[in-house]
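Enquirer: Got a predicted structure here, sequence first:
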Amino acid sequence: MTEWWRRAVIYQVYPRSFQDSNTDGVGDLPGLLQRLEYLAWLGVDALWLSPVYPSPMADFGYDVSDYTGIDALFGDLADFDRVVAKAHALGLKVILDFVPNHTSDRHPWFAESRSSRANPKRDWYIWRDGKTGGPPTNWLSEFGGSAWTFDAATGQYYYHAYLAAQPDLNWRNPEVRAAMHAAMRFWLDRGVDGFRLDTIEHLIEDSALRDNPPNENWTPADPPTQKLRRRFTTDQPEISEALQGLRSVTDDYDNRVLIGETYLPLERVVTYYGHGIHLPFNFHLIGAAWQAKTIAALIQRYEDLLPPGAWPNWVLGNHDRSRIAARVGPAQARIAAMLLLTLRGTPTMYYGDELGLSDVPIHPERVQDPWEKNVPGHGLGRDPVRTPMPWDGSLHGGFSSAEPWLPLNTDSTKLNVEVLRDDPASILTLYRKLLALRSRTPALSIGDYGHIGHDRNVLMFERRHDQSLYMIALNMSATEITVSLPNSGRVALSTHLDRETESFVRLVALRADEGVVLALNT
């Protein structure tokens, strides 16, 4: 049996920005419940829900104060259960974000841990004495400054890879592992179909607390957080055992999935398949130069590096990175959609990309993101990609009847679900047709990948299953290019949405910024 996640298209929902139901300007679970039919209509298979646990919201839910609850901002456990039940009734899987690396400093575990050096939970976190009048090491936080914070009450420093309000758990402690396994079982018992595991490369640090070496490629134009290479703070060998423990939990349940956030070089990303992770996220399309030669080489390199039996995955956008349309422009955003949904592997979509949303400028007075506040001026702010979903052309886009927590896109009267779903040429229509084509075509969902390469900035590759053969040709340039093909056939879909079933004989003229899925005769 083919695991569901191999065929699936995953859709990330950022709950704060999807649908508000109680007029506080912040999205919530009852709001999500109202919009699940949209996801089923769109044609995705699973929704990944960013954190909804109780949290002080220092990092918008990635600072968890209770792993087995729902923050009142989003609703309650009954609301969550209703979301899962309705999603399943609509044929949608539910993947929950899980944050194993750190908790909030308001978590009861940390309150106990910092209460005294003798507390039984002291070793649940990473406490160390200072060195030469300062922190134990030179390790830097991902949010700027030292990764160590001094606690005057107990006279030691605690480690935090992110904010000081996000102390790292000590995954070498078996009690910590047992507690996190229990939290996972709590949600698995409620019917979730898997977890996206946050920042797994940070899970364990060097036991000898060696200083990180300088980053020889760093320049003053780069963020100060990148001055050091994370040699001793990420991707440590002991992570494998910890992740295998998480996998053992999900293996006690039928057909669940573990997805790991892995911002690492490709050759390191693929090693996490052997660590118990079904899908270590592959983010390399996000930062790649948008040209056929580069993308073709990236795809082939990834395919070559995959271990036997490993299933690839692709990501083009998420809550931490600039939106597709902002990176490649509106015309090429259609090419990106076709690329994402025709490559071999499990694709993950980010809410609003199917509308062609771009980054939304945020006035300094409305900045919410702690990353931008801590490392200003380096383009690290994530607010522009977390803005509310525009559902219609009303004052607040149908997202809320109150002022939203972040502003909507300024063109929300034109760029919204209601307008685009009725437009036969819109990018939303393209996404829906791509998803439908992928769903009914085994060659595009579970088929083999065939490397063709690139020609004059046209990216071409094959997908094959049994006797079915498809060619994808993506014109990544602003000029018309004619490409030659090994067989005749028909156009199954064009990003321009105007030439379906058109036949061809070995030659296809691609207009500027046009991609096509071609069904070849065999």
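Expert: In hand now; what should we look at? Numbering: from 1, shown residues only.
Enquirer: Pull out the buried residues from stretch 479-497.
Expert: By 16 or more other C-beta atoms under 10 Å, the buried positions in stretch 479-497 come out as 481, 483, 485, 489, 491, 492, 493, 494, 495, 496, 497. In short, each C-beta sits where N, CA and C put it, glycine included.
Enquirer: In those, which has the lowest confidence score?
Expert: Minimum pLDDT for the buried residues of stretch 479-497 is recorded at residue 485 (92).
Enquirer: my read is it is in a helix, agree?
Expert: No. Going by DSSP: H, G, I helix; E, B strand; the rest coil, the assignment for residue 485 is strand, not a helix.
Enquirer: Is the closest residue to it other than its chain neighbours in a helix, a strand, or coil?
Expert: Distance criterion C-beta to C-beta, 6 or more residues apart in numbering; nearest residue to residue 485, sequence neighbours excluded, is residue 506 at 5.3 Å. Under the three-state scheme (three-state DSSP), residue 506 adopts strand.
Enquirer: pLDDT score for residue 378?
Expert: The model's pLDDT for residue 378 equals 56.
Enquirer: just residue 153 next, same as before
Expert: 96.
Enquirer: That one: how many residues sit nearby?
Expert: Residue 153 is flanked by 9 other residues according to other C-beta atoms under 10 Å.
Enquirer: doesn't residue 111 make contact with it?
Expert: No. Counting by C-beta atoms under 8 Å, residue 153 stays clear of residue 111, with 11.7 Å between them.
Enquirer: Near the closest residue to residue 478 other than its chain neighbours, how many other residues are there?
Expert: Of all residues not flanking residue 478 in the chain, residue 512 sits nearest, at 4.7 Å (C-beta to C-beta, 6+ apart). By other C-beta under 10 Å, the residues close to residue 512 number 12.
Enquirer: From residue 475, how far off is residue 512?
Expert: Distance of residue 512 to residue 475, computed by C-beta to C-beta, to the nearest Å: 7 Å.
Enquirer: Need the overlap of contacts for residue 153 and residue 111.
Expert: Both residue 153 and residue 111 lack any common contact, where contact means C-beta atoms under 8 Å, 6 or more residues apart in numbering.
Enquirer: what pairs with residue 469 across the strands?
Expert: Beta bridges link residue 469 to residue 464, residue 520, judged by DSSP bridges.
Enquirer: check which helix or strand covers the residue nearest the centre of the chain.
Expert: Closest to where the C-alpha atoms of the chain average out (C-alpha atoms, centre = their mean) is residue 318, at 4.5 Å. Counting by DSSP states H and E, no helix or strand carries residue 318.
Enquirer: if we can go back for a sec, just the pLDDT at the residue nearest to residue 478, thanks.
Expert: pLDDT at residue 512 comes out at 98.
Enquirer: what secondary structure does it sit in?
Expert: coil.
Enquirer: shift numbering so it begins at 55
Expert: Okay, residue one is now 55; in that scheme the one you just asked about reads as residue 566.
Enquirer: How much space separates it from residue 327?
Expert: Distance from residue 566 to residue 327, by C-beta to C-beta: 39 Å.
Enquirer: so what's residue 131 closest to, chain neighbours aside?
Expert: With C-beta to C-beta, 6+ apart as the criterion, residue 131 has its nearest non-adjacent residue at 5.4 Å, and that residue is residue 124.
Enquirer: try residue 59
Expert: Leaving aside its chain neighbours, residue 59 sits nearest to residue 311 (4.3 Å; criterion: C-beta to C-beta, 6+ apart).
Enquirer: Distance check, the one you found against residue 250.
Expert: Residue 311 is 9 Å from residue 250, by C-beta to C-beta.
Enquirer: ditto for residue 297
Expert: 13 Å.
Enquirer: re the thing from before, need the contact list for the residue nearest to the centre of the chain.
Expert: By C-beta under 8 Å, 6+ apart, the neighbours of residue 372 are 66, 337, 340, 402, 404, 439.
Enquirer: Residue 287 reaches residue 259, doesn't it?
Expert: Yes. Using C-beta under 8 Å, residue 287 makes contact with residue 259 at a distance of 5.2 Å.
Enquirer: Common neighbours of those two, please.
Expert: residue 193.
Enquirer: end-to-end on stretch 125-137?
Expert: Using C-alpha to C-alpha, to the nearest Å, one end of stretch 125-137 lies 15 Å from the other.
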